[in-house]
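# I need the structure of the sequence given here:
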Amino acid sequence: MSLRTLVIDGGELCCSQLMEVLHLNGYVSVFVAHNVSDGVRMAKRHRPDVIFLDSAMLEISELAVIVEIKKTLPAVAILMMSRIYANDRRTNNLLTNSVKYGAHGFIFKPFNDHSIIGVMAKISARFSMARAA
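Predicted structure coming up:
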């Protein structure tokens with residue numbers, strides 16, 4: 001199953017690396033937005049199954065973005081991405097609050113191919129089970 005994927009990240013390099021990993025592994029419907037406003041519009045238009053959202057996008061609170069997207073797309077899997085590391089208090093708060101507001105997970109940058117493909121496989125299995133039910 002190929003999941004429609006949206007990447008919301010201001011970094012050109014991160015977006016191109018993520019797109020490359022996804023394309024090489026059969027995920028061909030990948031859309032990119034370099035700011036949150038465009039990302040929310042693209043989410044509403046393309047109705048992705050998965051959204052990778054950079055936590056450093058500071059136009060509006062990432063938690064508000066999660067809430068706004070979930071209103072339109074309640075089943076979408078939102079994965080927060082961050083360069084902040086695991087023992088950092090801000091990261092722990094962001095992770096906890098993101099999940100409370102509807103995010104499905106957290107990916108630390110720099111990511112590796114295996115972590116991206118692993119999380120995509122888990123999300124794909126979840127969507128397959130939901131569609132079979």
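# ok, residue 69 - contacts?
Each residue near residue 69 by Cβ atoms under 8 Å, 6 or more residues apart in numbering is listed here: 40, 43, 51, 76, 78. To be clear about C-beta, it is placed using only N, CA and C from the backbone, and glycine gets the same treatment.
# By neighbour count, which of those wins?
residue 51 (27 neighbours; other Cβ atoms under 10 Å).
# The strand or helix carrying that residue: what's the following helix or strand?
Using DSSP states H and E, residue 51 sits within strand 50-54. Once the chain leaves strand 50-54, the next helix or strand it forms, by DSSP H and E, is helix 62-72.
# Which positions within that following helix qualify as buried?
For helix 62-72, the neighbour count (16 or more other Cβ atoms under 10 Å) marks 62, 63, 65, 66, 69, 70 as buried.
# dump the residue contacts of the last one.
Remark: with contacts taken as Cβ under 8 Å, 6+ apart, residue 70 is in contact with 76, 78, 101, 102.
# and which of the residues you listed is nearest to residue 14?
Nearest to residue 14 out of the contacts of residue 70 is residue 78 (Cβ to Cβ; 16.3 Å).
# After the helix or strand hosting that closest one, which helix or strand is next?
Residue 78 belongs to strand 77-82 when assigned by DSSP H and E. Per DSSP H and E, the first helix or strand lying C-terminal to strand 77-82 is helix 89-101.
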